[in-house]
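Participant: Kindly return the folded structure for what I paste below:
(chains A and B)
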Amino acid sequence: MNSRFAPSPTGYLHIGGARTALFAWAWAKNQQGKFILRIEDTDLARSSKASVAAILEGMSWLGLDYDEGPYFQTEHFERYKTVISQLLNSGKAYYCECSEKRLQELRDGLMAKGEKAKYDGHCRHKNLSSGVVRFQNPAAGNVVFTDLVKGKISVNNEELDDLIIARTDGSPTYNLTVVVDDFDMKIDVVIRGDDHINNTPKQINLYQALGWKLPDFAHLPMILGADGSRLSKRHGAVSVMAYREAGFLPEALLNYLARLGWSHGDKELFSTAEIIELFELKNVNKAPASFDADKLLWLNQHYIQTAPAQHLLDELAWHLQKNQIEITNEIDIFKVIESLRKRSKTLVEMAFGLKMFYQDFTTFDENLGKKHFKNKAPLELLLAKLMVLEAWTAAEIKAIIEKVAEELSVGFGKVGQPFRLALSGDGNAGSIDLVAELLGKDKVLKRLQMALEF
RNA sequence: GUCGCCUUCGUCUAUCGGUUAGGACCCCAGGUUUUCAUCCUGGUAAGAGGAGUUCGAUUCUCCUAGGCGAUGCCA
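Facilitator: Have a look, this model is predicted:
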């Protein structure tokens, strides 16, 4: 059982496309069939190599691996040409030379009369031999099909017109190429966005004219922005890679996308393997869904808290490189990750929190410094006691902080907070005793000294 | 305009005609806590409107409204 993802390379891989890919991928894997990637690049003017690369990059990051492809429709032009002449020869398609102007006037006129704007078949019996090629759609009857997510859909042929299947330059158009490729690639279920529902009856007529067996269709509802309108740039990030940049884990995005329009009872958390195992088209929701950034963030936090440290490090590496943070052997990165994971919602936050362990700083946050370094006594006492501390462990360090607080008759916070600022520079750090242990005696003493000079 | 699709808490969703309509995110309250977090407990909150079928409709049918999509020599 095969499915495919067929993006047109006119931009990056966006959230909606990624979900379509995910569902098609999950379905094929669930069926133990093939997932095929096909690039629909027949619009030469709008397609670009950069977009192809961006789409492949997005899919690769998400781990949506394909069993075949990427195929490019531009490599199938001969095949399309053959099919088009077959249609022409059998009288199921014809040339049309109507000018753009005539077509426009025709549309305007019909619309003004309150009728469906469609081609009137002007050139149908002219026996022309140049121009665009139109498919002769059946004039009457209904096209009925059972969509695997939407159910029964019926469209009257009177609503459909003779669609163009080849442009003046001979190049094929979308409705023809999908039909040919889906047939040739033995696609069992065409899984795609529901903006294609209206094309489906036309394609079904094409299949029938060609005498080909129909695939099943499954049309996925759209993803809307938080305000319920079509997802666009003003809703924030729409590109998959923008989520990588924002510090999301691919499994979090995948889990989120899976639950957007699909469900398995009350289950919220799905590993990638579980998505494959449990995915069923019949559990896909019919209604469009709004993108909720808060829930995605919650999932990301969940996966940051539970993922193996090595995996976190692998994903983190990209961010560290981007921020020019270099991990050294001096401090155990895994211990640092453990100390950070509970307080990081994104990898960006984690990378940021990691900085203080591997990069020295020269200044403290001005405002916080004024507040916490005003009274030097806690830091002086801390420094004196830590300097002579032999067993450099969190427990010992904590005992010293408590002792300092006791000697000065202040609360733990009065010592801990200045200490935290001294070590981090910006006040953002976790359990201060643990942070101090990880940082190591040298750096701790140095930074305390620096704080005293503030 | 015309055609198609859709409609359960603010959001994502569950519900095989009979449920106090459940879960999750968000939000709020309380608890744990060395900042910020995490974590735990509890809470607020929904069947678009109107007919019909039925002993009984969120669930089936129809109408209306609203949203989205299509109406391209884009895909």
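Participant: how many neighbours does A:Leu423 have?
Facilitator: 21 (other C-beta atoms under 10 Å). No exception for glycine: its C-beta is placed from N, CA and C like everyone else's.
Participant: Equivalent analysis for A:Phe35, please.
Facilitator: For A:Phe35, using other C-beta under 10 Å, the count is 22.
Participant: and the gap between it and A:Glu68?
Facilitator: For A:Phe35, the distance to A:Glu68 (C-beta to C-beta, to the nearest Å) stands at 8 Å.
Participant: Same check on A:Ser239?
Facilitator: 25 Å.
Participant: same check, this time on A:Ile276
Facilitator: 18 Å.
Participant: Please identify which of the two sits among more neighbours.
Facilitator: A:Ile276 (18 against 13).
Participant: which residues does that one contact?
Facilitator: For A:Ile276, the contacting residues are A:26, A:29-30, by C-beta atoms under 8 Å, 6 or more residues apart in numbering.
Participant: Just the ones in helices from those residues, please.
Facilitator: A:26, A:29-30 (DSSP state H).
Participant: Tell me the one among these nearest to A:Leu296.
Facilitator: A:Ala26 (18.3 Å; C-beta to C-beta).
Participant: Pull the contacting residues for the closest one.
Facilitator: A:Ala26 neighbours (C-beta under 8 Å, 6+ apart): A:258, A:275-276, A:279.
Participant: One more pass at 6 Å, please.
Facilitator: A:275-276, A:279 (C-beta atoms under 6 Å, 6 or more residues apart in numbering).
Participant: and the closest residue to it other than its chain neighbours, what are its phi and psi?
Facilitator: Distances taken as C-beta to C-beta, 6 or more residues apart in numbering put A:Phe279 closest to A:Ala26, at 4.0 Å, once the chain neighbours are dropped. Taking degrees, to the nearest 10, you get phi -70, psi 130 for the backbone angles of A:Phe279.
Participant: Any idea how many residues pack against A:Phe279?
Facilitator: Neighbour tally, A:Phe279, other C-beta under 10 Å: 22.
Participant: The closest residue to RNA strand B within the stretch 1-150 of chain A: what's its closest spatial neighbour, skipping adjacent residues?
Facilitator: The nearest approach of the stretch 1-150 of chain A to RNA strand B comes at A:Glu40, 2.8 Å away (C-beta to the nearest atom of the strand). Among residues not flanking A:Glu40 along the chain, A:Ser8 sits closest, at 4.5 Å (C-beta to C-beta, 6+ apart).
Participant: Give me the neighbour count for that neighbour.
Facilitator: A:Ser8 has 17 nearby residues by other C-beta under 10 Å.
Participant: ditto for A:Asn367
Facilitator: 9.
Participant: Secondary structure of it: a strand, I assume?
Facilitator: No: under DSSP: H, G, I helix; E, B strand; the rest coil, A:Asn367 falls outside any strand and is assigned helix.
Participant: measure it to A:Asn375 for me?
Facilitator: Distance from A:Asn367 to A:Asn375, by C-beta to C-beta: 16 Å.
Participant: and what of A:Met387?
Facilitator: 20 Å.
Participant: Okay, and the residue nearest to A:Glu40 sits in which element?
Facilitator: Taking DSSP states H and E as the definition, A:Ser8 sits outside all helices and strands.
Participant: Distance check, it against A:Val404.
Facilitator: 65 Å.
Participant: want to try TSV for the ones in helices among the contacts of A:Ile276, with pLDDT and distance to A:Ala50 as columns?
Facilitator: Shown next, in TSV, are these (pLDDT from 0 to 100; distance: C-beta to C-beta, whole Å):
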residue	pLDDT	distance to A:Ala50
A:Ala26	97	28
A:Lys29	97	29
A:Asn30	96	33
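Participant: From those, pick the one nearest A:Asp162.
Facilitator: Once C-beta to C-beta is applied, the member of the ones in helices among the contacts of A:Ile276 that ends up nearest A:Asp162 is A:Ala26, at 37.3 Å.
Participant: domain parsing for chain A?
Facilitator: A:308-358, A:366-452 (automatic domain parsing).
Participant: So the residue of the stretch 1-150 of chain A closest to RNA strand B is in contact with A:Phe5, correct?
Facilitator: No: A:Glu40 is beyond contact range of A:Phe5, at 10.1 Å (criterion: C-beta atoms under 6 Å).
Participant: neighbour-wise, which of the two wins?
Facilitator: A:Phe5 (27 against 19).
Participant: Could you find the closest non-adjacent residue to the more buried one?
Facilitator: Using C-beta to C-beta, 6+ apart, the closest residue to A:Phe5 is A:Ala21 (4.2 Å).
Participant: cool, A:Asp162 as well?
Facilitator: In space, A:Asp162 is closest to A:Arg134, 4.2 Å off (C-beta to C-beta, 6+ apart).
Participant: now do A:Thr10
Facilitator: Counting by C-beta to C-beta, 6+ apart, the residue nearest A:Thr10 is A:Arg46, at 4.7 Å.
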